[in-house]
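> Sequence and predicted structure, then a few things I'm wondering about:
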Amino acid sequence: MEQAKAIIIKSHCPNHALYALLVAIENLPMLFLMKKIINENLSIFEDTLGGCECHLSLPIPLVYYHHRACFHLLWLLILSFALQKPFKSL
């Protein structure tokens, strides 16, 4: 519980959470080879997380925004007609 509160307080939560995972893995009673494999996987996860954070800082292009809005409008319109028949009997 204390670690979770410490992670939430930090300004950059994902990096602090990864550091907490690293410390927890180092304190586990297991073979060095197993720790090495887990650390390699954690390193790959950290690289992937960094790539995702890079994409989060980019703005959404206006074309994608309009495309998504038109799709949702069409979806809701078609959904209302599709649900009309099942709910008619109620």
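Looks like it came in fine. Numbering: from 1, shown residues only.
> pLDDT weak spots in the chain?
Applying pLDDT under 70 to the chain flags the ranges 11.
> Can you show me the helices along it?
Remark: helices assigned in the chain by DSSP state H are 2-9, 13-26, 32-56, 62-88.
> Turn the ones you listed into a markdown table, including mean neighbour count.
Yep, even glycine has a C-beta here, placed from its N, CA and C like the rest. Output for the helices of the chain, formatted as a markdown table (neighbours: other C-beta atoms under 10 Å):
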| stretch | mean neighbour count |
| --- | --- |
| helix 2-9 | 11 |
| helix 13-26 | 14 |
| helix 32-56 | 11 |
| helix 62-88 | 9 |
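> gap between residue 55 and residue 2?
Distance, residue 55 to residue 2, using C-beta to C-beta, to the nearest Å: 32 Å.
> Report the separation between residue 52 and residue 89.
Distance, residue 52 to residue 89, using C-beta to C-beta: 46 Å.
> same check, this time on residue 75
Look at residue 75 and residue 89: by C-beta to C-beta, they are 24 Å apart.
> Can you name the residues that contact residue 18?
When contacts are counted by C-beta atoms under 8 Å, 6 or more residues apart in numbering, residue 18 touches 42, 45-46, 49.
> roughly how far is stretch 83-90 from the heart of the chain?
Distance, stretch centre to chain centre, for stretch 83-90: 37 Å (C-alpha atoms, centre = their mean, to the nearest Å).
> try stretch 48-60
11 Å.
> Residues contacting that stretch, please?
Outside stretch 48-60, the residues that touch it by C-beta under 8 Å, 6+ apart are 14, 18.
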